[in-house]
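A.B. asks: sequence and predicted model, in that order:
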Amino acid sequence: METRDVAAVELDGLRYAFGTKTAVDGIGLRVAPGEVFGLLGPNGAGKTTTIRLIVTLLPCPPGAVRVFGVDPARDPMAVRRAVGYVPQQLSADAALTGRQNIALFTRLYGVPGRERTARVEQALSAMGLLEAADRPAGTYSGGMTRRLELAQALVNEPRLLVLDEPTIGLDPVARASVWERITALRAETGMTVLVTTHYMDEAEQHCDRVAFLHQGRIRAQGTPGELTARLGPGASLDDVFRACTDDTFEEPGDPRDIRSTRRTALRLG
Ligand SMILES: Nc1ncnc2c1ncn2[C@@H]1O[C@H](COP(=O)(O)OP(=O)(O)OP(=O)(O)O)[C@@H](O)[C@H]1O
């Protein structure tokens, strides 16, 4: 039986290695239901690997991951039913129309036949794509393509939406339009959103809480306001990013340690 206290995502000592390369090195975090939570960090920090473990695309050890209380190591199908995942790599078929692309996903997700049309229309509407629905996806702008991919994930009616770099490569207007849709969706449905991004301004503006990863470990986590406050007046999330990737940062996992890097970060900033 689920209670209000069940986390949307809970990681406890999560580890993963590709052969001898440790990509995720003992991560613990908790994403509350309804939160927008940002996983931040430099290239190779372990963000995508963490996400792929959560969405069951990589096998995780029992007990290290819970999605709404369900361990993907024990019941991956239950986790897949709860999750909508938009990977970094573009997944829309350029030759199909937007509507056809989304319809394809209703089949992939096993949406019952009688519900498919309504789900497709809802997803198109939620992502502002009704007018462009019957054009080939190959004619869409970058921002529209991203919104189409979000729409594809939405037909599963996910409780947890997982987005890997949803705005990468988009111009500022398209980035804003993608976030506008995500924000509206969250407000309307109460959906939990787990997102990776390299854009610190987006994380600062749109994430309720964030965790900074570096070399497979969490270096700091909290609200953007908490983390910047630890670096002092005028600090930005960019400064926190730099502090967390500084090699002198010794004790991962304890957000208080960020204070010890304050001087370094300010110097670098
Ligand atoms: N399939 C793989 N085989 C071997 N090593 C991998 C594989 N996938 C990722 N890695 C390694 O694991 C580490 C973490 O990679 P990951 O893709 O999770 O990082 P990331 O934080 O998502 O980076 P980016 O911001 O570049 O997407 C990196 O050192 C990467 O080279």
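C.D. replies: Ah, there it is.
A.B. asks: let's verify the residue sitting nearest the centre point of the chain: helix, strand, or coil?
C.D. replies: Geometric centre of the chain, nearest residue: V195, 1.9 Å, by C-alpha atoms, centre = their mean. Following DSSP: H, G, I helix; E, B strand; the rest coil, we place V195 in the strand state.
A.B. asks: hey, where'd the strands end up in this protein?
C.D. replies: Ranges of strands in the chain, per DSSP state E, are 9-18, 21-31, 36-40, 65-67, 83-86, 160-164, 192-196, 209-214, 217-222.
A.B. asks: can you redo the ones you listed as JSON lines with distance to V111 and mean pLDDT?
C.D. replies: Where you see a C-beta, it was placed from the backbone N, CA and C, and this is true even at glycine. What follows is those, written out as JSON lines (distance: least, C-beta to C-beta, whole Å; pLDDT from 0 to 100):
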{"stretch": "strand 9-18", "distance to V111": "24", "mean pLDDT": "96"}
{"stretch": "strand 21-31", "distance to V111": "26", "mean pLDDT": "95"}
{"stretch": "strand 36-40", "distance to V111": "25", "mean pLDDT": "96"}
{"stretch": "strand 65-67", "distance to V111": "20", "mean pLDDT": "97"}
{"stretch": "strand 83-86", "distance to V111": "12", "mean pLDDT": "92"}
{"stretch": "strand 160-164", "distance to V111": "16", "mean pLDDT": "95"}
{"stretch": "strand 192-196", "distance to V111": "21", "mean pLDDT": "96"}
{"stretch": "strand 209-214", "distance to V111": "32", "mean pLDDT": "95"}
{"stretch": "strand 217-222", "distance to V111": "35", "mean pLDDT": "93"}
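A.B. asks: next, format these as CSV and append distance to P76.
C.D. replies: Below are these laid out as CSV (distance: least, C-beta to C-beta, whole Å):
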stretch, distance to P76
strand 9-18, 15
strand 21-31, 18
strand 36-40, 21
strand 65-67, 10
strand 83-86, 10
strand 160-164, 14
strand 192-196, 17
strand 209-214, 24
strand 217-222, 24
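A.B. asks: which one of those strands lies nearest to A132?
C.D. replies: A132 sits nearest to strand 83-86 of all the strands of the chain, at 18.2 Å, using C-beta to C-beta.
A.B. asks: that closest one and the ligand in contact?
C.D. replies: No: on the criterion C-beta under 6 Å from any ligand atom, strand 83-86 is out of touch with the ligand, staying 13.9 Å away.
A.B. asks: quick one: contacts of that strand?
C.D. replies: Contact with strand 83-86 is made by 51, 54-57, 67, 146, 149-150, 152-154, 156, 158-164, 166, as judged by C-beta atoms under 8 Å, 6 or more residues apart in numbering.
A.B. asks: what's the offset of it from the middle of its chain?
C.D. replies: 9 Å (C-alpha atoms, centre = their mean, to the nearest Å).
A.B. asks: what pairs with it, and is each one parallel or antiparallel?
C.D. replies: Note on strand 83-86: by DSSP bridges, its sheet partners are strand 160-164 (parallel).
A.B. asks: if we look at the partner strand, which residues are touching it?
C.D. replies: Outside strand 160-164, the residues that reach it (C-beta under 8 Å, 6+ apart) are 8-9, 47-48, 51, 54-55, 67-68, 82-88, 150, 153-154, 182, 185, 191-196.
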